[in-house]
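Engineer: Starting from these lines, generate the structure:
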Amino acid sequence: MYKKANPKEIIWRWGKKAEKLVHLQQLCSEAHNLINLYGVTAFSNEINEKEEMPTVYVSELQEYGFEVYITPIKSTPEHRTITFPKPITQKTVDCWNKLWQKV
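Structural biologist: Sure, this is the predicted structure:
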């Protein structure tokens, strides 16, 4: 249904702090109920220069088993969904935070 994002694409997410297991599980469940993908939101558009959001290449996420899908929303065509394995483990969360350089 959704196409995979280009591995060379750079994507970003809001927030600089480490994400918690329970929070990621909740976000993934919400996404699954809405679009049938167990994942979280990211964006592919350019970041405002004043904002310092963590970025990562799609290929880096893929290396660790996360897939990125193009999931446009009417107001946000650059919306992406990064899928997580089920169930999400603390090891997965630690890897996730390391990839995004979140502390």
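Engineer: What pLDDT is listed against the residue nearest to P7 when sequence neighbours are not counted?
Structural biologist: Leaving out its chain neighbours, the residue that sits closest to P7 by CB to CB, 6 or more residues apart in numbering is S59, at 3.8 Å. For glycine as for every other residue, the C-beta is placed from the backbone atoms N, C-alpha and C. If you check S59, the pLDDT there is 98.
Engineer: Contacts for whichever helix or strand S59 is part of, please.
Structural biologist: In the assignment (DSSP states H and E), S59 maps to helix 58-63. When contacts are defined by CB atoms under 8 Å, 6 or more residues apart in numbering, helix 58-63 is touched by residues A5, N6, P7, K8, E9, I10, I11, E67, V68, I82, L99.
Engineer: how about CSV for these, with neighbour count added?
Structural biologist: Putting the contacts of helix 58-63 into CSV (neighbours: other CB atoms under 10 Å) gives the following:
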residue, neighbour count
A5, 22
N6, 13
P7, 13
K8, 8
E9, 16
I10, 15
I11, 22
E67, 17
V68, 25
I82, 24
L99, 17
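Engineer: Of the residues you listed, which pair is most distant in space?
Structural biologist: Within the contacts of helix 58-63, two members stand farthest from each other by CB to CB: N6 and L99, at 17.6 Å.
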